[in-house]
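Trainee: structure for this input, please:
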Amino acid sequence: MTAMPTVVSAEEWEKARAELLVAEKAATREQDRLAAQRRRLPMVEFGEYTFAGPDGPVTLRELFGDQPQLALYQFMHSGPDHFCPGCTHFTKHVGNLDLLERSGVAWATVSDMPIDQMAGYWTKMGWDVPFASSAGTSFSADCGAGGGFLLNMFLRDGDTVYRTYSTGSRGVDRLLFVNHLLDHAPYGRQEDWEDSPEGWPQEPTYG
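Mentor: I've put the predicted structure just below:
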């Protein structure tokens, strides 16, 4: 039988929930502080890059479209017959891009995978997320992706592109709706790295 939380009285539950709420509000204020600090980061001019798009060459500047800001996800290239499960999980969550555009943010995904490999996978997964291949360019290395995955934020002034922010690992993880929701569920994400009570169901992250 799967372990379950301790059963307590309504009064005990209210007390425990109130204690957690104090910690949650403190964490929220800290996240607000970090967001304010993030908005005050300086920026660095980024070079010109030309990627292979599904309809032909496309530049980093062109990925902005008419928007002043660009969120660009670097999808890990894991070889010709393998697709990163974490990047796949992340890309499944990318949607409602029109809501981003209302705030002046465009979205695109790039990868060092060849464009035909990306196009085939996008078709298989039924994704309509804009994409391009950075294969043959130094873009991934220049971003510091190191062969992994990364989220970059860019801002343009006319046709000049600046890098304002980047994050990887858990910084990307925390952008996902499902992960956030599961962090509020009794059993959490049910992954073996989590600090959960003994007996909680857990499996390898990509098992």
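Trainee: bridge partners for residue 154, pull those for me.
Mentor: Following DSSP bridges, residue 154 is listed with bridge partners residue 70, residue 163.
Trainee: that one: what's it in contact with?
Mentor: Residue 154 sits next to 46, 60, 64, 69-70, 72, 161-164 when contact means C-beta atoms under 8 Å, 6 or more residues apart in numbering. C-beta coordinates here come from the backbone N, C-alpha and C atoms, glycine included.
Trainee: recalculate using a threshold of 7 Å.
Mentor: For residue 154, the contacting residues are 46, 69-70, 72, 161-164, taking C-beta atoms under 7 Å, 6 or more residues apart in numbering as the criterion.
Trainee: ok, and the closest non-adjacent residue to residue 198?
Mentor: residue 3 (6.8 Å; C-beta to C-beta, 6 or more residues apart in numbering).
Trainee: OK, contacts around the one you found?
Mentor: Neighbours of residue 3 in contact, by C-beta under 7 Å, 6+ apart: 197-200.
Trainee: the residue nearest to residue 8 when sequence neighbours are not counted: how many residues sit nearby?
Mentor: By the measure of C-beta to C-beta, 6+ apart, the closest residue to residue 8 outside its immediate chain neighbours is residue 16, 7.4 Å from it. The tally of other residues near residue 16 (other C-beta atoms under 10 Å) stands at 12.
Trainee: re the thing from before, okay, and the residue nearest to residue 198 sits in which element?
Mentor: When elements are assigned from DSSP states H and E, residue 3 belongs to no helix and no strand.
Trainee: quick check: pLDDT value at it.
Mentor: Turning to residue 3, the model gives it a pLDDT of 89.
Trainee: state the phi and psi torsions of residue 13.
Mentor: Residue 13 has phi and psi values of phi -60, psi -40 when expressed as degrees, to the nearest 10.
Trainee: who are the contact partners of residue 168?
Mentor: Going by C-beta under 7 Å, 6+ apart, residue 168 touches 148-150.
Trainee: any chance of JSON lines for the residues you listed, columns pLDDT?
Mentor: Below are the contacts of residue 168 laid out as JSON lines (pLDDT from 0 to 100):
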{"residue": "148", "pLDDT": "85"}
{"residue": "149", "pLDDT": "88"}
{"residue": "150", "pLDDT": "90"}
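Trainee: save those as JSON lines, and put in secondary structure, distance to residue 34 and neighbour count too.
Mentor: Supplementary listing: those in JSON lines, determined by DSSP: H, G, I helix; E, B strand; the rest coil; distance: C-beta to C-beta, whole Å; neighbours: other C-beta atoms under 10 Å:
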{"residue": "148", "secondary structure": "coil", "distance to residue 34": "22", "neighbour count": "16"}
{"residue": "149", "secondary structure": "coil", "distance to residue 34": "21", "neighbour count": "20"}
{"residue": "150", "secondary structure": "strand", "distance to residue 34": "18", "neighbour count": "21"}
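Trainee: any chance of those in JSON lines, plus distance to residue 55?
Mentor: Written out in JSON lines, the entries for the contacts of residue 168 read as follows (distance: C-beta to C-beta, whole Å):
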{"residue": "148", "distance to residue 55": "28"}
{"residue": "149", "distance to residue 55": "25"}
{"residue": "150", "distance to residue 55": "25"}
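Trainee: ok, those vs residue 173, which is closest?
Mentor: Out of the contacts of residue 168, the one with the shortest distance to residue 173 is residue 149. That distance is 10.3 Å, counting by C-beta to C-beta.
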